[in-house]
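Visitor: sequence first, predicted coordinates after that:
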Amino acid sequence: MPGTIHNLTVALKGFAMGAANVIPGVSGGTIALLTGIFNELVESLNAIMSVESWKLLLKGRFSEFWKNIHGTFLLWLAIGVVVSVFSLAKLMEYVLHYHPVQTWSFFFGLIVVSSIYLLRGIGRWKGSYWIWLSLGIVLGAAICLLSPTSTTDDLWFVAVCGAIAVCTMILPGISGSFVLVLLGKYDYIMGAISDLDWPVLIVFGIGCLLGILAFSKFLHWLTRNFEKPTLLVLIGFTLGALVKVWPWGDRASLATAALMRGGMPMEEASSKIDTLLAQGIDLGTLSVPLQVGSGILWMLVGAVFVIFLESFAKAGKKARS
């Protein structure tokens, strides 16, 4: 029973990681870091790349191989991620389009409260720690303020996008989905997931696999040799990403969502807002409902979700001990 609780906890965290990875601006790595599984994830990925692990497999010592790569952990985490991505892709598209304030508020509350947990776990602070944290905040904010571009739909580029995006998906504060937005492939990949376009998904998956295996070695080296500075930079990245997650930062999205909730089709609503922007009309002059009350409520929901995960994880640890 204790093992079952632990596995379900890992799957739940994987589900949260998957949900985060389909949101441009929220990193699955952030969820991994905030829920306490980031180091084990890096260790597992690094072990998969280890020659020693594959020697065990080739010798037929499968149980040792499975234990060495943290196989049970990876399996339950992968189950949670895959179920989340395929079940929530359409839902995430819907809530981002129709309820952006509530969606971003949830993740804003989640990130803030989780970051507090992490910073409390640093222990005694040194002067240099503030420098590493500040560096992470600045870099995270700078990346999130970059502008997206348009790119080719050729499969080779889809694979490249997968390799780049998956590396950022395990890095806290750097959203893999937002990187896809910057590369002009977010809507394309989300559409492929929703429509089960297998050629695109397979090529994208191959790119993800190659990218994450190559990147995990470097990340493992950093966490082993510079644990505290690396952790602080990653927490800083997470906090810097809040500029992208701020619920009321994109007035165009709020105005578009208001028109869509009023019954206007998405394409027509987006076109209307684009026309207003092209005409130089300040969207701040429009009567757009800011939904401050519900935004604050969903921030609290995000905060409670973090507390729930922490409590659930602690209960699992106590049961195993």
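Guide: Looks like it came in fine. Residues are numbered from 1 along each chain as shown.

Visitor: thought residue 106 was touching residue 247, still the case?
Guide: No - if you go by Cβ atoms under 8 Å, residue 247 and residue 106 don't touch, sitting 9.0 Å apart. C-beta here means a position set from N, CA and C on the backbone, and glycine is covered the same way.

Visitor: show me where the stretch 1-150 of the chain has its helices.
Guide: For the stretch 1-150 of the chain, the helices defined by DSSP state H, counting those that start in this stretch cover 2-21, 28-34, 38-48, 51-58, 62-68, 71-98, 100-120, 127-144.

Visitor: and among those helices, the most buried is which?
Guide: With neighbours taken as mean count of other Cβ atoms under 10 Å, the helices of the stretch 1-150 of the chain reach their highest mean count in helix 28-34, at a mean of 28.

Visitor: what is it packed up against?
Guide: helix 2-21, helix 38-48, helix 100-120, helix 155-169, helix 227-240 (3 or more Cβ pairs under 8 Å, 6 or more residues apart in numbering; DSSP states H and E).

Visitor: ok, back up a step: by mean pLDDT, show me the worst of the helices of the stretch 1-150 of the chain.
Guide: Lowest mean pLDDT within the helices of the stretch 1-150 of the chain: helix 28-34, at a mean of 75.

Visitor: from the middle of its chain, how far away would it be?
Guide: Relative to its parent chain, helix 28-34 has a centroid offset of 7 Å by Cα atoms, centre = their mean, to the nearest Å.

Visitor: hmm, who's touching that helix?
Guide: 13, 16-18, 20-21, 38, 41, 81, 110-111, 114-115, 117-118, 168-174, 176, 234-235, 238, 241, 306 (Cβ atoms under 8 Å, 6 or more residues apart in numbering).

Visitor: do stretch 195-210 as well
Guide: Here stretch 195-210 has contacts from 155, 158-163, 165-166, 188-189, 191-193, using Cβ under 8 Å, 6+ apart.

Visitor: one more: stretch 105-114?
Guide: Outside stretch 105-114, the residues within contact range by Cβ under 8 Å, 6+ apart are 20, 23, 25-26, 30, 33-35, 238-239, 241-242, 245-247, 294-303, 305-307.

Visitor: buried ones among those residues?
Guide: 20, 23, 25-26, 30, 33-35, 238-239, 241-242, 245, 247, 295, 298-299, 302-303, 305-306 (16 or more other Cβ atoms under 10 Å).

Visitor: now the two most distant members of the contacts of stretch 195-210.
Guide: Greatest spatial distance among the contacts of stretch 195-210 (Cβ to Cβ): 163 and 191, at 19.9 Å.

Visitor: so which of the two has more stuff around it?
Guide: residue 163 (20 against 13; other Cβ atoms under 10 Å).

Visitor: hmm, that one is touching residue 213, no?
Guide: No - counting by Cβ under 8 Å, residue 163 sits too far from residue 213 to count as a contact (9.8 Å).

Visitor: contacting residues around residue 266?
Guide: When contacts are counted by Cβ under 8 Å, 6+ apart, residue 266 is found next to 97, 256, 260.

Visitor: residues contacting the first one?
Guide: Looking back up the chat, that one is residue 97. 256, 257, 260, 266.

Visitor: mind running it again at 10 Å?
Guide: Counting by Cβ atoms under 10 Å, 6 or more residues apart in numbering, residue 97 touches 103, 253, 256, 257, 260, 261, 266, 269, 270.

Visitor: give me the number of residues near the last one?
Guide: Around residue 270 there are 18 other residues, counting by other Cβ under 10 Å.

Visitor: oh, and call the first residue 771 from now on, that's how I've got it
Guide: Happy to do that; since the first residue is 771 now, the last one works out to residue 1040.

Visitor: now do the buried residues in the strand or helix carrying it.
Guide: Secondary structure from DSSP states H and E places residue 1040 in helix 1036-1048. For helix 1036-1048, the neighbour count (16+ other Cβ under 10 Å) marks 1039, 1040, 1043, 1046 as buried.
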